[in-house]
Each structure stands twice: as C-alpha cells, then as structure tokens.
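K.L.:
Just to be clear, the model below is a prediction. Sequence and coordinates:
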Amino acid sequence: MTVTTDEKKRVVIPSARPGDRFDVQVTSEGKVVLTRLELADKADNIRLVKKHGYTLARGTRRITQEQVRRALDDFP
C-alpha cells in the first residue's frame, strides 16, 4: 500500500479508525514503521445526568449496540 502526505504532513491510513493510536519508529534506512497500540483497560468515568426528564449514565468511552445487548441479556 502506498500513501501520500498532504501539505500539512498528514497521511490517511485506510484501515485506521478515528482515535486509533500508533507507535512510530523510524529506522536508520528511513523506513517508518507504525504499530497500532491497544487501549489500556482503565476505568470508565461514569456520571449520572438528567436529559429531557430521564436519568442517563454518561461515560468517557462510547459503547456499541452489541455491548448494550449483551449487558441486557445478562440482566436478571
């Protein structure tokens, strides 16, 4: 795969998603090696907020519909 930088020194990586983090290593031959970093399992800061008359739990990370469905399946 070949990518080109723009005038602001940015490169688009097709398989990358917004928020992905990479370790950048530049070798002595001038090669650039990107290694995707995994997110650390840190605690999510959750707080309760009122919105349109409902109480919602707000966190710092987004959750997927699949995660909600799994949690509801385990709910008694």
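P.N.:
That came through, no problem. Residues are numbered from 1 along each chain as shown.

K.L.:
so the spatially most central residue of the chain, which of the three states?
P.N.:
In the chain, the C-alpha nearest the mean C-alpha coordinate belongs to residue 19, at 4.2 Å (C-alpha atoms, centre = their mean). Of the three states, residue 19 takes coil according to DSSP: H, G, I helix; E, B strand; the rest coil.

K.L.:
Report the contact partners of it.
P.N.:
If a contact means C-beta atoms under 8 Å, 6 or more residues apart in numbering, then residue 19 has no contacts. Bear in mind the C-beta positions are built from the backbone N, C-alpha and C, glycine included.

K.L.:
Use 326 as the first number from now on
P.N.:
From this message on, residue numbering opens at 326, which makes the last subject residue 344.

K.L.:
And the pLDDT for it?
P.N.:
Confidence at residue 344, expressed as pLDDT, is 83.

K.L.:
repeat for the one 10 residues further on
P.N.:
Taken from the predicted model, the pLDDT recorded for residue 354 is 92.

K.L.:
How about residues contacting stretch 377-397?
P.N.:
Stretch 377-397 is contacted from outside by 369, 370, 371, 372, 373, 374, 375, using C-beta under 8 Å, 6+ apart.
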